[in-house]
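Colleague: Model the following, please.
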Amino acid sequence: MRFVVVVLAALLAAVLATLYAIENPGYVLIARPPWSIEMSLTVFVLLTLLGAGALYLLVYLAVRLVRIPHDVARWRQRRQVRQARNALYQGLVKLAEGSWVEAESQLLASTRHSETPVLSYLGAACVNQAQGNIEKRDEYLAAAQRNAPQRHLAIGMTQANLQYLAHQSEQALATLTDLRAAAPKHKHVLKLLAQLYLELRDWTNLAELVPELRQNEVMTPKEIDALELRAQRELLVLTLPSGSAEVLKKAWQAVPKHLRRHAMLIAIYARQLIRQNEMSAAEALLRTAIEQEWDDTLVELYGLVRGEAPVEQLETAENWLASHPDNARLLLTLGRLAAHTQHDLKARGYFEKCITLRGPAEAYRELGAVLERVGEAEKALACYRRGLEAYADEQRPVAARPGLGLAPLRAVK
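Modeller: Residues are numbered from 1 along each chain as shown. Take a look at the predicted model:
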């Protein structure tokens, strides 16, 4: 519609101009002795416009002729870039499809005239990683680094991921350490570092990395807590072979304060204190931890402590019975402490109730020892036998236990 309006307006303007020219033709005289030219103004204007158009056309053609080599080169360059872009696209598609040979061929073809050859080299590196050609993969990574040194982080992350997938943990660690220096807060660098430290069992560096993981929100708080707990647990366990109380104490003090209240770490520390005969320290540690937060493992360990005041220790544990009357681990602990204080009748009652509640198989052994001590050897032997059966039952997978769903094991009478 707009085109029609423009054409009609142009025709109307031409008609009006023609009518005006007919009524007022004007007069132009160009004189240069011995010649002179006379014409109407309308003809002069038309000739001037035609001359100007012809001159513009001649100049334009001359310029185009001069620029032909440049225009041909630019056209060829655009065509090559377009072909390289298409080759890169096809190469990435083949890479995704798993057609390694075709993918590498297309990606290499795209490097010649590509606007971003670094992507082609990285893609070719991935292709060779998939084929197991590690040396060739590294050649392409080096080519990418030479081609685009300003993309050091992107190339480095690709290299680290490929090394990690190829189980080249030491090389990946070296690459990530270099990247961390360049980008200390990069989330993926920190996450991959944590995974590598975990895989290499480098607990010291993993523990030192935890604050950065938390500060930069690299993982969920729950995942970071689990990593920190694992690292601190392993560092604490590493001190156990030394057998030195001083070394163990230093390792415990190195554990972050908020983790010294964790039952699993307390259990490791208390168990080693018991082995080193540091009974007073173990008793105080376990009693405080249990009273702050109940934990069955710590309760059972409390029964293994042979403190300087066994009667008071038994009374402390009996006070817990009011709030946990049917706790099998507590009953096992009470039985052990009662047996240690020579209260055999009381110990027997605790052990039998523990067995009735399907407590740990250890209760049979402890009860057998009490029965043997009071002269009931036959019952003690039967108790030991049932303890072995219960222990074997505990070691089997749940689905394979023959007693599952049957009546609980009864105490020896």
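Colleague: which residue is nearest the centroid of this structure?
Modeller: Centroid-nearest residue in the chain, with C-alpha atoms, centre = their mean: Lys191, separated by 4.6 Å.
Colleague: From Ser120, how far out is the nearest residue in space to Arg373 that is not next to it in sequence?
Modeller: Once flanking residues are discounted, Arg373 sits nearest to Asp344: 6.4 Å by C-beta to C-beta, 6 or more residues apart in numbering. In this view, the C-beta of every residue, glycine as well, is placed from N, C-alpha and C. Asp344 is 82 Å from Ser120, where distance means C-beta to C-beta, to the nearest Å.
Colleague: Show me which of the two is the more surrounded one.
Modeller: Using other C-beta atoms under 10 Å, the more surrounded residue of Asp344 and Ser120 is Ser120, with 27 against 15.
Colleague: ok, now which ones touch the more buried one?
Modeller: Going by C-beta atoms under 8 Å, 6 or more residues apart in numbering, Ser120 touches Leu88, Gly91, Leu107, Leu108, Ser110, Thr111, Ser114.
Colleague: Touching, Ile134 and Gln163? I think so.
Modeller: No - taking contacts as C-beta atoms under 8 Å, Ile134 lies outside contact range of Gln163: 9.1 Å.
Colleague: For the residue nearest to the centre of the chain, which non-adjacent residue is closest in space?
Modeller: Spatial nearest neighbour of Lys191, excluding adjacent residues (C-beta to C-beta, 6+ apart): Val218 at 5.0 Å.
Colleague: Confirm that Asn86 lies within a strand, as I assumed.
Modeller: No - counting by DSSP: H, G, I helix; E, B strand; the rest coil, Asn86 is located in no strand; its state is helix.
Colleague: tally of neighbours for it?
Modeller: Neighbour count of Asn86, defined by other C-beta under 10 Å: 13.
Colleague: likewise Met219?
Modeller: Neighbour count of Met219, defined by other C-beta under 10 Å: 17.
Colleague: So for Ile134 and Gln163, which sits in the more crowded spot?
Modeller: Gln163 (25 against 15).
Colleague: do you know how far the nearest residue to the more buried one once chain neighbours are set aside is from Gly349?
Modeller: Excluding the flanking residues, the one nearest Gln163 by C-beta to C-beta, 6+ apart is Ala172, at 3.8 Å. Per C-beta to C-beta, Ala172 is found 60 Å from Gly349.
Colleague: Excluding residues flanking it in the chain, which one is nearest Thr158?
Modeller: Leu122 (5.2 Å).
Colleague: pLDDT weak spots in this protein?
Modeller: For the chain, residues meeting the criterion pLDDT under 70 lie at 14, 17-28, 241-243, 394-413.
Colleague: which stretches of it form strands?
Modeller: Here the chain has its strands, by DSSP state E, at 28-32, 35-39.
Colleague: With respect to Leu200, which of the ones you listed lies nearest?
Modeller: Minimum separation from Leu200 across the strands of the chain (C-beta to C-beta) falls at strand 28-32, 97.0 Å.
Colleague: now that closest one against strand 35-39, angle please.
Modeller: Calculated by axes from the mean of the first three to the mean of the last three C-alpha atoms, to 10 degrees, strand 28-32 forms an angle of 170 degrees with strand 35-39.
Colleague: Partner strands of strand 28-32 and their direction?
Modeller: Here strand 28-32 is paired, per DSSP bridges, with strand 35-39 (antiparallel).
Colleague: which stretches of the stretch 251-400 of the chain form helices?
Modeller: Assigned by DSSP state H, counting those that start in this stretch, the helices in the stretch 251-400 of the chain fall at 263-275, 279-292, 296-302, 310-320, 328-340, 344-356, 362-373, 377-395.
Colleague: any chance of those helices in TSV, plus distance to Ser99?
Modeller: Below are the helices of the stretch 251-400 of the chain laid out as TSV (distance: least, C-beta to C-beta, whole Å):
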stretch	distance to Ser99
helix 263-275	50
helix 279-292	60
helix 296-302	55
helix 310-320	68
helix 328-340	60
helix 344-356	65
helix 362-373	61
helix 377-395	50
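Colleague: so of these, which one's packed in deepest?
Modeller: helix 328-340 (a mean of 25; mean count of other C-beta atoms under 10 Å).
Colleague: Return that helix as PDB; C-alpha atoms alone will do.
Modeller: Extracted in PDB, the C-alpha atoms of helix 328-340 (Å, rounded to 0.1, in the frame of the first residue of the first chain):
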ATOM      1  CA  ALA A 328      20.000 -52.500  74.600                       C
ATOM      2  CA  ARG A 329      23.300 -50.800  74.300                       C
ATOM      3  CA  LEU A 330      22.800 -49.100  77.700                       C
ATOM      4  CA  LEU A 331      21.900 -52.500  79.300                       C
ATOM      5  CA  LEU A 332      25.100 -54.000  77.800                       C
ATOM      6  CA  THR A 333      27.100 -51.200  79.300                       C
ATOM      7  CA  LEU A 334      25.400 -51.500  82.700                       C
ATOM      8  CA  GLY A 335      26.100 -55.300  82.700                       C
ATOM      9  CA  ARG A 336      29.800 -54.700  82.000                       C
ATOM     10  CA  LEU A 337      30.100 -52.100  84.700                       C
ATOM     11  CA  ALA A 338      28.200 -54.200  87.200                       C
ATOM     12  CA  ALA A 339      30.400 -57.200  86.300                       C
ATOM     13  CA  HIS A 340      33.500 -55.000  86.800                       C
END
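Colleague: Before I go, just wanted to say thanks for your time.
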